[in-house]
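> Whatever this is, show me its structure:
(one chain, ligands or ions: 2)
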Amino acid sequence: MSPTTVAEHRKRVAELVGLMPVLQLPLDECLGLVLAADVVAPLSLPPFDNSAMDGYAVRAAELAGEGPVKLPVADDIPAGRTEISPLEPGTVQRIMTGAPVPPGADAVIQVELTDGGTETVTINGKVRPGANIRTAGDDVQKGDPVLTAGTVLRPSTVGLASALGLPELPVRRRPRVLVLSTGSELVEPGRPLQPGQIYESNGTMLAAAVRDAGGTAVQLKFVPDDVEEFHRALTPYLGSVDVIVTSGGVSAGAYEVVKDALAGHDVKFTKVAMQPGGPQGSGRYEGVPVLTLPGNPVSAQVSFEVFVRPALLASMGHTQVERPTARATVTSPLTSPAGKTQFRRGLYDPSSGQVVTPVGGPGSHLLSALALSNCLIEVPEDVTEVAAGAEVVVRHLQ
Ligand SMILES: Nc1nc2c(c(=O)[nH]1)N[C@H]1C(S)=C(S)[C@@H](COP(=O)(O)OP(=O)(O)OC[C@H]3O[C@@H](n4cnc5c(N)ncnc54)[C@H](O)[C@@H]3O)O[C@H]1N2
Ligand code: MOO
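Ligands and ions are numbered 1, 2, ... in the order given. Have a look, this model is predicted:
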């Protein structure tokens, strides 16, 4: 049987995860999510003519003569005042930034050009009509299409929605991803380690990667290589998660708990033509999409990058699901297995002419090398040797 290609497995994973439903979410939960419908402005911004300066609302023509002008201050308008009396000829009204401009006023003169009086004010400057007035609709006209479906919500876009009086926006919600590590050798950090045991790292790493991709991670404590315990751990979550991601237990050993537990379920195990990340499984467990990643830490994380991250982003409605890539010159030679796409870890340095330095070897247990890298170097399936100085494609990880 020929191995599954990276592209085929990516497609299968993306189809399995599918699209998350659209919800109305409060603005403070929308950051980074994708708007699911166009937003039409329900009001204009600013909603009313208001002052851009602390000063006095005036009739510009009354200041046009020679020398200072002394006028009575008929009213005081702080921001937030809702009832405004018209500006009578021959008077001014003291006004604050953001306060509504009274009918009859056609300009605001800033306080610095006056003596700041509260009963009467002496004004030493002139203004043109319209000066220091922010007109209703300057920014947004009621009925304008202000945000379009597909927009990734940023601080400024949620701020705009709030300014328009919208408490919620329609977005595709975050996928809830259950992360479960398997392995009888695993110990929780903070506990003593016996010979033959290792500290668990994949669960923490994958849960962080889920959050980094915008998902909500539910990280279960890992389970030993025991099929019954595997089922028992998952059962309580089946109604509430969108995706299950496991690590470990999928290769060719005698105790492959994930493979054993999912035998008889709608899950397909395959070898993907890549290194690391060869052994992969995908399908449904009691109806819930399940992605079984290999246990070697670098394999698990690279599998997440290549398959799971793009699928999670797509499920939230993102169209840009790929990490940015660049071309770079590799500083030392690489070898790669024939017929497999290799993802080596690298440090990309754009400042020295787009150069990438491989970090560590190809071994999928070399977690510190991954932690010290900022990119993956992609060596195509048909390439077995890359000479120092050759051009490669790098996939940025941050
Ligand atoms: N005879 C064969 N052996 C192996 C093959 C193969 O094709 N034939 N494939 C190798 C490759 S490639 C990989 S990748 C691994 C995948 O193995 P599993 O998915 O079954 O993972 P485990 O055996 O459970 O663990 C592998 C390795 O990773 C460590 N590990 C597992 N989980 C964690 C965790 N949560 N935190 C930290 N470290 C973890 C585990 O201790 C093992 O050292 O199989 C190869 N073997
Ligand atoms: O394919 Mo494994 O995932 O290299 O170590």
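
> Might you list the low-confidence residue ranges for this protein?
1 (pLDDT under 70).

> Point me to the residue of it nearest ligand 1.
residue 295 (2.4 Å; Cβ to the nearest ligand atom). For the C-beta atoms, the positions are set from N, CA and C on the backbone; glycine is no exception.

> Who are the contact partners of that residue?
Neighbouring residues of residue 295 by Cβ atoms under 8 Å, 6 or more residues apart in numbering: 181, 182, 183, 202, 247, 248, 249, 250, 251.

> Just the ones of the residues you listed in strands?
181, 247 (DSSP state E).

> between the contacts of residue 295, which is nearest residue 352?
The shortest approach to residue 352 among the contacts of residue 295 belongs to residue 202, at 33.7 Å (Cβ to Cβ).

> nearest spatial neighbour of that closest one, skipping sequence neighbours?
Spatially, and ignoring its direct neighbours in sequence, residue 202 is nearest to residue 247 (4.1 Å; Cβ to Cβ, 6 or more residues apart in numbering).

> Just read off the phi/psi values of the residue lying farthest from the centre of the chain.
Going by Cα atoms, centre = their mean, the residue of the chain most distant from its centre is residue 66, 59.0 Å out. Here is the backbone geometry of residue 66 (degrees, to the nearest 10): phi -80, psi 140.

> Same check on residue 234?
Dihedral angles (degrees, to the nearest 10) for residue 234: phi -80, psi -30.

> How many residues are close by it?
21 (other Cβ atoms under 10 Å).

> Quick check: it touching residue 178?
Yes. Between residue 234 and residue 178 there is a contact at 7.2 Å, judged by Cβ atoms under 8 Å.

> Show me whatever sits in contact with both of these two.
In contact with both residue 234 and residue 178: 220, 244, using Cβ under 8 Å, 6+ apart.

> And the host helix or strand of residue 230, how far out from the chain middle?
Using DSSP states H and E, residue 230 sits in helix 227-234. A distance of 33 Å separates the centroid of the chain from that of helix 227-234, by Cα atoms, centre = their mean, to the nearest Å.

> list the buried ones in that helix?
227, 229, 230, 233, 234 (16 or more other Cβ atoms under 10 Å).

> Kindly report the same for stretch 253-263.
For stretch 253-263, using 16+ other Cβ under 10 Å, the buried residues are 256, 257, 258, 259, 261, 262.

> ok, now stretch 334-350?
Buried residues in stretch 334-350 (16+ other Cβ under 10 Å): 334, 336, 340, 341, 342, 343, 344, 345, 346, 347, 348.

> Measure how buried the closest residue to the first one other than its chain neighbours is and give me the count.
Taking Cβ to Cβ, 6+ apart as the measure, residue 334 lies nearest to residue 386, with 4.2 Å between them; neighbours along the chain are not counted. Burial measure for residue 386: 21 neighbouring residues, criterion other Cβ under 10 Å.

> And the one 10 residues further on, by the same measure?
When counting by other Cβ under 10 Å, one arrives at 13 neighbours for residue 396.

> Test my guess that residue 40 contacts residue 144.
Yes. Assessed by Cβ under 8 Å, residue 40 is found in contact with residue 144 at 7.0 Å.

> Give me the number of neighbouring residues for residue 142.
14.

> Quick check: nearest residue in space to it, chain neighbours excluded?
residue 44 (4.5 Å).

> Just give me the neighbour total for that neighbour.
18.

> In contact with it: list those residues for me.
Counting by Cβ under 8 Å, 6+ apart, residue 44 has contacts 136, 137, 140, 141, 142.

> my guess is residue 70 is in a helix, correct?
No. Under DSSP: H, G, I helix; E, B strand; the rest coil, residue 70 falls outside any helix and is assigned strand.

> What distance do you get for residue 298 to residue 272?
15 Å (Cβ to Cβ, to the nearest Å).

> now do residue 8
For residue 8 relative to residue 272 (Cβ to Cβ), the value is 8 Å.

> coming back round to it: any residues touching the helix holding residue 230, and which ones?
Contacts of helix 227-234 (Cβ under 8 Å, 6+ apart): 178, 180, 182, 220, 223, 244, 257, 258, 260, 261, 285.

> what's the most distant pair in those?
The most distant members of the contacts of helix 227-234, if one measures by Cβ to Cβ, are 178 and 260, lying 18.9 Å apart.

> relative orientation of the helix or strand encompassing residue 282 and helix 227-234 in degrees?
Element membership for residue 282, per DSSP H and E: strand 279-285. Relative orientation of strand 279-285 and helix 227-234, computed by axes from the mean of the first three to the mean of the last three Cα atoms, to 10 degrees: 60 degrees.

> what residues does the following helix or strand past strand 279-285 touch?
Using DSSP H and E, the next helix or strand after strand 279-285 towards the C-terminus is strand 288-293. The contact list for strand 288-293, computed with Cβ under 8 Å, 6+ apart, reads 13, 16-18, 202, 206, 238, 241-247, 249-250, 258-259, 262, 265, 267, 269, 277, 280-284, 299-300, 303-304, 307-308.

> ok, and the most crowded of the contacts of residue 295?
That'd be residue 247 among these, by other Cβ under 10 Å, with 31 neighbours.

> Residue 52: which of the contacts of residue 295 is nearest?
Using Cβ to Cβ, the contacts of residue 295 come closest to residue 52 at residue 202, 56.0 Å.

> beta partners of residue 347?
Beta-bridge pairing for residue 347 (DSSP bridges): residue 357.

> Was I right to think it contacts residue 371?
No. Between residue 347 and residue 371 there is no contact under Cβ under 8 Å: 11.5 Å.

> what does the stretch 51-200 of the chain put close to ligand 1?
Residues of the stretch 51-200 of the chain lying near ligand 1 by Cβ under 6 Å from any ligand atom: 181, 183, 185, 186, 198, 200.

> Can you report how many residues neighbour the residue nearest to the fifth one when sequence neighbours are not counted?
Nearest-residue entry for residue 198: residue 185, 5.6 Å, with adjacent residues in sequence omitted and distances by Cβ to Cβ, 6+ apart. Neighbourhood size, residue 185 [other Cβ under 10 Å]: 16.
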